[in-house]
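> What follows is a protein structure lacking sequence information:
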């Protein structure tokens with residue numbers, strides 16, 4: 001599911017994205033996964049309702065090691 005969201009980032013709204021997923025998953029399960037991805041800040045929903053991939057693993061790896069950015 002993450003790969004599909006990355007590939008089609010910004011193109012699909014919630015229902016249309018679910019309909020275009022290659023795997024057959026139920027809509028309730030899809031919603032739970034999507035909520036988890038939003039919570040982990042990997043995806044966001046823009047003002048028009050499009051699902052966008054926002055996570056950048058290379059940038060995350062670069063900054064996670066910096067001591068001055070620790071909480």
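It's in. Since the model is a prediction, treat every value here as computed from it, not as a measurement.
> From here on, just use CA atoms for contacts and neighbour counts.
OK.
> To what extent is the closest residue to residue 63 other than its chain neighbours buried, counted in neighbours?
Ranked by CA to CA, 6 or more residues apart in numbering and with sequence neighbours excluded, the top spatial neighbour of residue 63 is residue 69, at 7.4 Å. Per other CA atoms under 10 Å, the neighbour tally for residue 69 reads 8.
> now swap in residue 41 and tell me
Residue 41: 12 neighbours (other CA under 10 Å).
> Bridge partners for the residue nearest the centre of the chain, pull those for me.
Of all residues in the chain, the one closest to the mean position by CA atoms, centre = their mean is residue 43, 2.8 Å from it. Beta-bridge partners recorded for residue 43 (DSSP bridges): residue 53.
> so who does it touch?
Listed by CA atoms under 8 Å, 6 or more residues apart in numbering, the contact set of residue 43 reads 37, 51-55.
> And these, which of them are buried?
37, 51-53 (16 or more other CA atoms under 10 Å).
> which secondary structure elements does the longest helix belonging to the chain contact?
The longest helix of the chain (DSSP state H) is helix 27-39. If contacts are counted by 3 or more CA pairs under 8 Å, 6 or more residues apart in numbering; DSSP states H and E, helix 27-39 sits against no helix or strand.
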